[in-house]
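In: here is my input, please return the structure:
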Amino acid sequence: MSWNGAEQLLQAAKDHGITVCFANPGTSEMHFVSAMDSVKGIRAILGLHETVCTGAADGYGRMARKPAMTLLHLGPGLANGLCNLHNARRAGTPLVNLVGEMATWHKGADPLLNMDVEGIAVKVSKEVWTCRDGEDLYRAMATACLQAQAPQKAIGGSNICTLIVPHNLSWEKSPKKYDSRGFALEGGSGKEAAGSPEVDLFVQDCAKALSSMPDGKVALYIGGAAAIQDDDALLHVGKIASKLGAPIYCENAFGRLDRGAGLPRLTRLPYFPDDALNTLKAYGSILVVDARRPVANFGYENGPSHVMTLPDEDIWEIDSADVHVPTVLRKLSKALGAEDIVPSVNCRGKFCDRKVPSLPAGRLNAAKLCQTLAALQPKETILVDESLTSGNGYWDLSHGCAAFSHLALTGGAIGCGPPLAVGAAIACPDRSYQILKVELAKQQISPSNGPCARALTDIGHPAIDWVAVGQGLGVPSHRAETVEQLASQLTEALSQREAGPFLIEACLA
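Out: Numbers count the residues shown, from 1 in each chain. A predicted model of the protein is given here:
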């Protein structure tokens with residue numbers, strides 16, 4: 001028997017953990033479309049634009065903790081999806097891109113859609129491969145899938161792998177022979193390193209240094225694997241903080257945080273660099289766990305670039321590029337004598353108690369929107385948060401909600417919210433735009449209020465009818481102008497989660 005290249009690649013993807021493909025295919029990917037029916041086990045989901053595909057794959061990977069695959073049409077399709085791939089790179093999301101390319105014998109003719117696909121892919125990818133004539137395509141895809149699930153090469157690095165497949169390789173046949181056994185990468189999961197004598201020595205030195213600091217002079221700063229409940233990583237973060245009496249700060253632009261009652265109380269590092277700098281300079285020692293040292297998002301006039309300015313010897317760092325983070329946190333908790341810490345019993349207030357805000361009433365505004373969401377969200381909610389201004393109040397209001405997962409904009413490339421939510425929903429089936437005006441004020445630039453300034457900071461003219469947009473896409477859609485309307489519509493949406501998406505336009509006063 002024989003199979004074509006598309007079938008080989010999809011079989012390898014399925015064998016190495018891919019179960020979902022977010023696709024926007026074109027001519028050069030049609031053999032993959034056909035092969036989806038012959039290679040059983042991969043769910044194909046069409047996105048009407050590549051940003052939807054890449055954003056959904058990001059949301060899926062953040063929640064499932066394993067990669068989804070995208071199927072994109074040549075260089076322009078990859079380029080269209082680049083902004084949400086940038087966000088996925090910053091989030092450390094595992095993701096595999098399968099991108100079509102011109103036939104090997106046709107590329108030299110420079111057809112209209114011809115581009116430097118590799119040149120685009122390297123901007124966001126951990127690894128990039130272009131398949132060649134005679135190459136073992138099964139092995140190429142297997143390697144891409146395994147690399148996407150391997151530890152990052154450096155803290156804050158990409159976990160996106162991109163495989164570029166010339167059109168003719170997708171239809172060319174070869175004997176159907178493969179063996180998925182034995183495919184593995186060097187390096188492992190980091191669990192081996194976490195058990196090394198070097199790590200044990202680091203843990204002892206770290207515990208000694210942190211416990212010797214005066215009260216109120218130690219802080220934790222976390223992200224990545226330390227910010228989720230998997231393998232009790234977040235539990236041990238809370239125990240360590242409880243023992244040290246230390247606050248726990250998290251990245252402002254976090255990929256995923258597990259939050260709520262029974263979990264550690266986290267403080268989001270301030271967005272603006274002067275505020276973040278002033279917050280962190282109060283401490284004499286900081287434990288940084290699976291996060292980059294924070295930097296300013298922009299270079300403000302006379303402002304800092306780096307906001308964590310302690311000497312290196314006073315910053316203790318644990319990251320998943322080197323070790324298995326949950327294992328090291330468990331060892332550090334033990335070394336500090338924090339094993340007997342019990343949330344809400346002897347934790348010194350470092351874990352959140354159950355406390356849900358009351359439901360407000362009257363005309364909707366930003367504060368009441370946040371309070372209504374926190375009051376009504378059920379246990380195991382996945383909240384996708386792309387807000388900067390209108391969502392500010394939600395953080396403090398939601399500390400005591402039933403445990404939930406909070407996803408944020410990681411790379412600053414806006415427009416990720418709805419696609420992230422789609423991907424997160426696929427991964428876990430059981431469970432007014434003011435930013436530019438804020439920046440004008442922050443940089444002490446007086447808005448002219450002329451037609452150009454208004455055109456670049458006000459998207460209310462013409463007004464977008466989001467209810468009509470949602471209904472046009474077959475999504476139940478409603479508009480809420482009062483808290484009562486929002487509460488009723490949100491309750492209705494939560495009662496029919498199995499039916500699919502539900503859109504609410506919240507009109508804020």
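In: hey, which helix or strand in the chain has the poorest pLDDT?
Out: Within the chain, confidence by mean pLDDT, DSSP states H and E is lowest for helix 435-442 among all helices and strands, at a mean of 52.
In: what about His461, neighbour count?
Out: 7 (other C-beta atoms under 10 Å). All C-beta atoms are positioned from the backbone trio N, CA, C, and that covers glycine.
In: give me the distance between it and Gly472.
Out: Separation of His461 from Gly472 (C-beta to C-beta, to the nearest Å): 21 Å.
In: neighbours around His324, how many?
Out: 23.
In: no, scratch that, I was asking about Met69
Out: For Met69, using other C-beta under 10 Å, the count is 30.
In: mind listing what it touches?
Out: The neighbourhood of Met69, defined by C-beta atoms under 8 Å, 6 or more residues apart in numbering, consists of 13, 18, 20-22, 42, 57, 95-98.
In: just Thr19 next, same as before
Out: Shown in contact with Thr19 (C-beta under 8 Å, 6+ apart): 41-43, 68.
In: any buried residues in stretch 31-46, and which?
Out: 31-32, 35-36, 39, 42, 44-45 (16 or more other C-beta atoms under 10 Å).
In: ok, residues contacting it?
Out: 4-7, 9-11, 13-14, 18-25, 56, 69, 71, 98, 100, 170-171, 426.
In: 6 Å instead?
Out: With C-beta atoms under 6 Å, 6 or more residues apart in numbering as the test, stretch 31-46 has contacts from 6-7, 10-11, 14, 20-23, 25, 71, 170-171.
In: looking at the residues you listed, which two lie furthest apart in space?
Out: Spanning the widest gap among these are Val20 and Trp171, at 24.2 Å by C-beta to C-beta.
In: compare these two and say which is more crowded by neighbours.
Out: Val20 (22 against 13).
In: the residue nearest to the more buried one when sequence neighbours are not counted: neighbour count?
Out: Using C-beta to C-beta, 6 or more residues apart in numbering and skipping residues adjacent in sequence, the residue nearest Val20 is Ala68, 4.5 Å away. Neighbourhood size, Ala68 [other C-beta under 10 Å]: 30.
In: return the backbone torsion pair for Ala68.
Out: For Ala68, the backbone dihedrals are phi -90, psi 170 (criterion: degrees, to the nearest 10).
In: for Ala225, state which of the contacts of stretch 31-46 is nearest.
Out: Nearest member of these to Ala225, counting by C-beta to C-beta, is Val20, at 22.0 Å.
In: where's that closest one relative to Ile228, distance?
Out: Taking C-beta to C-beta, one finds Val20 at 20 Å from Ile228.
In: what's near enough to touch Ser28?
Out: Ser28 neighbours (C-beta under 6 Å, 6+ apart): 74, 100, 167.
In: any idea which of the residues you listed is closest to Gly415?
Out: Checking these one by one against Gly415 (C-beta to C-beta), the nearest turns out to be Leu74, at 21.8 Å.
In: what about the closest one, how many residues nearby?
Out: 22.
In: contacting residues for it?
Out: Contacts for Leu74 were tallied using C-beta under 6 Å, 6+ apart; they are 28, 100, 113.
In: next one: Ser477
Out: Residues in contact with Ser477 (C-beta under 6 Å, 6+ apart) are 467, 470-471, 503.
In: partners of it in the sheet?
Out: Leu503 (DSSP bridges).
In: tell me how far it lies from Val469.
Out: Distance from Ser477 to Val469, counting by C-beta to C-beta: 8 Å.
In: ok, Gly157 next?
Out: 37 Å.
In: same deal with Val128?
Out: Going from Val128 to Val469 by C-beta to C-beta gives 36 Å.
In: mind checking which helix or strand Ala44 is in?
Out: strand 43-46 (DSSP states H and E).
In: list the buried residues of stretch 214-221.
Out: Buried, per 16+ other C-beta under 10 Å, within stretch 214-221: 217-221.
In: centre of the chain to it, how far?
Out: Distance of stretch 214-221 from its chain centroid, counting by C-alpha atoms, centre = their mean, to the nearest Å, is 28 Å.
In: likewise stretch 359-371?
Out: With C-alpha atoms, centre = their mean, you get 28 Å for stretch 359-371.
In: next, Asp258: secondary structure please.
Out: Per DSSP: H, G, I helix; E, B strand; the rest coil, the local secondary structure of Asp258 is strand.
In: isn't it right next to Ser405, touching?
Out: Yes. Shown here, Asp258 and Ser405 form a contact pair, counting by C-beta atoms under 6 Å, at 5.5 Å.
In: so between the two, which is more surrounded?
Out: It is Ser405, of Asp258 and Ser405, that has more neighbours when counted by other C-beta under 10 Å, with 22 against 17.
In: local confidence estimate at the closest residue to that one other than its chain neighbours?
Out: Sequence neighbours aside, Ile382 is the residue nearest to Ser405 in space, at 4.9 Å (criterion: C-beta to C-beta, 6+ apart). Predicted confidence (pLDDT) for Ile382: 95.
In: Ala453 now?
Out: Confidence score, pLDDT, at Ala453: 51.
In: helix, strand, or coil at the closest residue in space to Leu332 that isn't next to it in sequence?
Out: Leaving out its chain neighbours, the residue that sits closest to Leu332 by C-beta to C-beta, 6+ apart is Val203, at 5.2 Å. Three-state assignment for Val203 (three-state DSSP): helix.
In: quick one: neighbours of Val203, just the number.
Out: There are 22 residues near Val203, going by other C-beta under 10 Å.
In: also Glu317?
Out: Glu317 - counted by other C-beta under 10 Å - has 18 other residues nearby.
In: dihedrals phi and psi, it?
Out: The phi and psi values for Glu317, taken as degrees, to the nearest 10, are phi -120, psi 130.
In: residues contacting it?
Out: Contacts of Glu317 by C-beta under 6 Å, 6+ apart are Val288.
In: separation between it and Leu490?
Out: When Glu317 is compared with Leu490 (using C-beta to C-beta), they lie 41 Å apart.
In: Ala154 is in contact with Asp319, correct?
Out: No. Between Asp319 and Ala154 there is no contact under C-beta under 6 Å: 8.3 Å.
In: who has more neighbours, these two?
Out: For Asp319 versus Ala154, the count of surrounding residues by other C-beta under 10 Å is larger for Asp319: 24 against 11.
In: now the more buried one, nearest residue through space, not along the chain?
Out: Ile155 (4.1 Å).
In: can I take it that the one you found is in a strand?
Out: No. Assigned with three-state DSSP, Ile155 falls outside any strand and is coil.
In: which residues touch Arg90?
Out: 410-411.
In: ok, now the one 10 residues further on?
Out: Listed by C-beta under 6 Å, 6+ apart, the contact partners of Gly100 are 28-29, 73-74.
In: same deal with Asp58?
Out: Taking C-beta under 6 Å, 6+ apart, one finds 84, 87-88, 93 in contact with Asp58.
In: make it 7 Å
Out: 84, 87-88, 91, 93, 95, 416, 420, 423 (C-beta atoms under 7 Å, 6 or more residues apart in numbering).
In: wait, Ser158 sits on Glu127?
Out: No. Taking C-beta atoms under 7 Å as the definition, Ser158 is not a contact partner of Glu127, at 8.8 Å.
In: which of the two has more neighbours?
Out: Ser158 (26 against 18).
In: in three-state terms, label the residue nearest the centre of the chain for me.
Out: For the chain, the residue nearest the mean C-alpha position is Gly255 (3.5 Å; C-alpha atoms, centre = their mean). Three-state assignment for Gly255 (three-state DSSP): coil.
In: my guess is it contacts Pro94. True?
Out: No. Taking contacts as C-beta under 7 Å, Gly255 lies outside contact range of Pro94: 11.2 Å.
In: now the common contact residues for the two.
Out: Contacts common to Gly255 and Pro94, judged by C-beta under 7 Å, 6+ apart, are absent.
In: and Ala219, which of the three is it?
Out: Ala219 - assigned by three-state DSSP - is strand.
In: actually Ala142, not the one I wrote
Out: Going by three-state DSSP: Ala142 is helix.
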